[in-house]
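> I would like the atomic coordinates for the input below:
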Amino acid sequence: MAKMRTVDAAVAILEKEGATEAFGLPGAAINPFYSAMRAHGGIRHTLARHVEGASHMADGYSRAADGNIGICIGTSGPAGTDMITGLYAAQADSIPILCITGQAPVAKLHKEDFQAVDIESIAKPLTKFAMTILEPGQVPGAFQKAFQLMRSGRPGPVLLDLPIDVQMADIEFDIDAYEPLPVEKPKASRKQLEKALDLLTAAKHPLIVAGGGIINAGASAQLVELAEILNVPVIPTLMGWGAIPDDHQLMAGMVGLQTSHRYGNETFLQSDFVIGIGNRWANRHTGGLDTYTAGRKFVHIDIEPTQIGRVFSPDLGIASDAGAALDGLLELARERQAAKTLPDYSGWVAECQERKGSLHRKTNFDNVPIKPQRVYQEMNKAFGRDTTYVSTIGLSQIAGAQMLHVFGARKWINAGQAGPLGWTAPAALGVVRGTPDATVVALSGDYDFQFMIEELAVGAQFNLPYIHVVVNNSYLGLIRQSQRGFNMEQNVSLAFENINSPETNGYGVDHIKVAEGLGCKAIRVEDPNDLPAAFDKAKALMGEFKVPVVVEVILEKITNISMGVEINGVNEFEELAETAADAPTAILAKA
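Okay, the predicted model is just below:
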C-alpha cells in the first residue's frame, strides 16, 4: 500500500470514477485539494468568477452528455453557501453534480472559527448526501459512496466537506484496489409492463408522456422506437423535450400552462389514456388536476418509488428506471406486433397531426421595437437541427419553449423546476465544456443575463464560445405579467436613462459595453429585418475569436405571453396564425 495525502487519494478516485471536469475557485481552506489536482494533472479546472456560477457550470456540464458528472470546488464558509442555489437547481431536476468544499480544522468547528460554517446541515435538504469528513481514513469511502448515490435511483447532487487538517493527513491508499460501488436502479418486471401495455392498448386515444428521466437514462432512441411500433403519439415534458424530435410525426406537442403548444394541449384533452415515463406531473404541466385527469386513465413509471402517487394516484404505478422500462415495453411491443395484436391508431395519429398543422401562434411580426415572437422565428431559421439551447426562466424561456424547435435529446437544457435567475450563462459554459463541438445557443431575458453576467469573462478566458441571445425589454416581464392580477406594476421596470450610454434609449444597462468589457463580442439589434444578418455575424465572430457572442435584441417593453391556470384555459394575448405566412417556421405549415 502507498502512503499519500487524503486529497491525493480523492483526486485519483475522481479520475477512476470518470469525473475529470471541475469548476471552482481556490481558497485557503481548499488549497491542499488544489495542490493535489495540480500534482495529478488529470482533472481539468475552469476558474469561475463566482462560486454559484461554478456550481451552475458543473450542472450544465452534467446535463450536456450521458454519464457526465461535473465537479464544483470552493473554499470554506461562503463558498459552500454560494453553492446552495446550484445544489437546489441540480436536485430539483435530478442532475448529478459533486460539490467539494474546504473547511476549518476539525478541532475548530465548534469554536466559530473564521469561515467555519456547518455546510453539511445546510446542504442536506438539497442533496442526496452531504458529509463533513472528520476522519482522514473516511475520505476514500465517502467519495465512493458519493458517486454511487449520485448515479443510483433518481440522480442528484452530493456535497463533501473537507476540513483542512483532514486534507493534509496521510493515509494508506491503493487506487488499483479501489472499485466504484455498483449502481442501483429499480427495474420493472415483465408482468408489470404487460399490465401497462394492456391498459394502453385498451384505449382509443392513448398518449405517452416522456419525462426528463428518459433523457437521464439515455433512452430516447428506445422511446422513439416504442412509439413507432405502437403508433402512439408522444407528449414530452419540458425536461423531456428533445427525447423525440419536434418534426417526428408522433411528436404531438408539449402540454401545460406556459411552456406548451396549442396543439399539444388540445390533443391531450382528446386523450383517454396516458402513460407517463420518467416524469413528475409538475404543476405547470398539469394545471388543475381535475381538468388534467378527467376522462382518462394513467400509468406512471418513475425511478423513485415515492414519486408515484405524489401528485395524483395513477391506475397503475411502476417503480423503474426509464431505460429499463422502455427496454421491457419494447420487447413486449415487438412480440405483439409480430402476433398482429396491436390496435391500429393511424386515425388518432392523423387527428393529432391535423391539430399540429393548424393550431399555431403567430410569429411573423414586423413591429419596431421588436416583438419577441419574431426573435424565435428568426432563431429557427438561423440555427440548425444540431443546435443545443440553454435557458432557465422568464418570458424568454416560456416563449422560447412555445416557438423554438428541438430535434434531439440534450438539445434543450433548462433549469426546469428551480429556475434560478442567472443560471443560463454559467450553465451554457458548462455545456460548451461538455460538448465542445456543439453549437450552443443560450436564451435570456435582460434580468437573467445581468444576474451572473461576470461569468462571461470565464468564456473569454478559457475560449468557450457560444451565442447568447438576450431579449431585452428592460422589464421583469414574467413578474410584470403575473402582477396584472393585482392591478399593479411594482418594482419590475429595469429602465433608466443611462448617462454613459444614451444609445440605449432609456433601456438602462448597456449590455454591449459590459459584454465587451468582459472580453466577449456583442451585437445590438433594433429592427427585426436585421436579425438574420446579426445571427450570421454572431456565428462568424464566435468562430473567429472563440469567445461568447452576445446578440441583444431590443424588444417592445410590454408583451403578454400565452399562459393560463388550466390546460383548457390558456389565454392567447396575441394574434393567432391564420395563414402559413403568419408562422413560417412552424413544424407543419398552417393548414
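> close enough to count as contact, Pro136 and Val7?
No: using Cβ atoms under 8 Å as the test, Pro136 is too far from Val7 to be in contact (10.0 Å). Quick note: C-beta positions are derived from backbone N, CA and C, even for glycine.
> the more surrounded of the two?
Neighbour totals were compared for Pro136 and Val7, and Val7 leads with 27 against 21 (other Cβ atoms under 10 Å).
> Following the chain onward from the helix or strand the more buried one falls within, which element is next?
Applying DSSP states H and E as the criterion places Val7 in helix 6-16. Remark: after helix 6-16, the chain's next helix or strand is strand 21-24, criterion DSSP H and E.
> Can you list the strands that that next one pairs with?
strand 44-47 (parallel), strand 70-74 (parallel) (DSSP bridges).
> So which of the ones you listed is the most surrounded?
Among the strands paired with strand 21-24, ranked by average contacts under mean count of other Cβ atoms under 10 Å, first place goes to strand 70-74 (a mean of 29).
> Now do that one and helix 6-16, the angle between them.
For strand 70-74 against helix 6-16, the angle by axes from the mean of the first three to the mean of the last three Cα atoms, to 10 degrees is 160 degrees.
> By residue count, what's the longest helix in the protein?
helix 322-338 (DSSP state H).
> Please identify the buried residues of that one?
Ala322, Gly323, Ala324, Ala325, Leu326, Asp327, Gly328, Leu329, Leu330, Leu332, Ala333, Arg336 (16 or more other Cβ atoms under 10 Å).
> Report the mean per-residue pLDDT for whatever helix or strand Ala522 lives in.
Following DSSP H and E, one finds Ala522 within strand 521-525. Averaging the model's pLDDT scores along strand 521-525 yields 98.
> repeat for stretch 428-443
On average, stretch 428-443 scores 96.
> Kindly check the end-to-end length of it for me.
End-to-end distance for stretch 428-443, by Cα to Cα, to the nearest Å: 10 Å.
> try stretch 152-168
The first residue of stretch 152-168 is 31 Å away from its last residue (Cα to Cα).
> What's the separation between Gly485 and Ile71?
Gly485 sits at a distance of 43 Å from Ile71 (criterion: Cβ to Cβ, to the nearest Å).
> what pLDDT does Val224 get?
Per-residue pLDDT puts Val224 at 98.
> so what's the nearest residue to it once chain neighbours are set aside up against?
Once flanking residues are discounted, Val224 sits nearest to Ile244: 5.4 Å by Cβ to Cβ, 6 or more residues apart in numbering. Residues near Ile244 by Cβ atoms under 8 Å, 6 or more residues apart in numbering: Ala210, Ser220, Leu223, Val224, Ala227, Val234, Pro236, Leu250, Met251.
> Doesn't Ile244 belong to a strand?
No: counting by DSSP: H, G, I helix; E, B strand; the rest coil, Ile244 is not part of a strand but coil.
> and the next element down the chain from the lowest-mean-pLDDT helix or strand in the chain?
Lowest by mean pLDDT, DSSP states H and E among the helices and strands of the chain is helix 477-482, with a mean of 68. Counting by DSSP H and E, the element after helix 477-482 in chain order, helix or strand, is helix 511-517.
> how about that next one: buried residues?
Buried residues in helix 511-517 (16+ other Cβ under 10 Å): His511, Ile512, Val514, Ala515.
> Make TSV from those and add pLDDT and distance to His205 to it.
Formatted as TSV, these follow (pLDDT from 0 to 100; distance: Cβ to Cβ, whole Å):
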residue	pLDDT	distance to His205
His511	95	47
Ile512	96	51
Val514	96	51
Ala515	97	49
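> Widest-spaced pair of those?
Greatest spacing in the buried residues of helix 511-517, by Cβ to Cβ: Ile512 and Val514 (7.4 Å).
> Overlap of the contact sets of the two?
Common neighbours of Ile512 and Val514 (Cβ under 8 Å, 6+ apart) do not exist.
> Which residue, neighbours along the chain excluded, lies closest to Phe114?
That would be Ala104: by Cβ to Cβ, 6+ apart, it lies 7.1 Å from Phe114.
> And Gln377, by the same measure?
The spatially closest residue to Gln377, leaving aside those adjacent along the chain, is Thr363, at 4.0 Å (Cβ to Cβ, 6+ apart).
> Also Thr439?
Using Cβ to Cβ, 6+ apart, the closest residue to Thr439 is Thr387 (5.0 Å).
> Quick one: neighbours of that neighbour, just the number.
Thr387 - counted by other Cβ under 10 Å - has 21 other residues nearby.
> Likewise for Asn380?
For Asn380, the tally of surrounding residues (other Cβ under 10 Å) stands at 18.
> need the contact list for it.
Asn380 neighbours (Cβ under 8 Å, 6+ apart): Met403, Leu404, His405, Thr585.
> and those residues as TSV, adding neighbour count, pLDDT and distance to His300?
Shown next, in TSV, are the contacts of Asn380 (neighbours: other Cβ atoms under 10 Å; pLDDT from 0 to 100; distance: Cβ to Cβ, whole Å):
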residue	neighbour count	pLDDT	distance to His300
Met403	23	93	30
Leu404	23	97	28
His405	21	97	28
Thr585	17	94	34
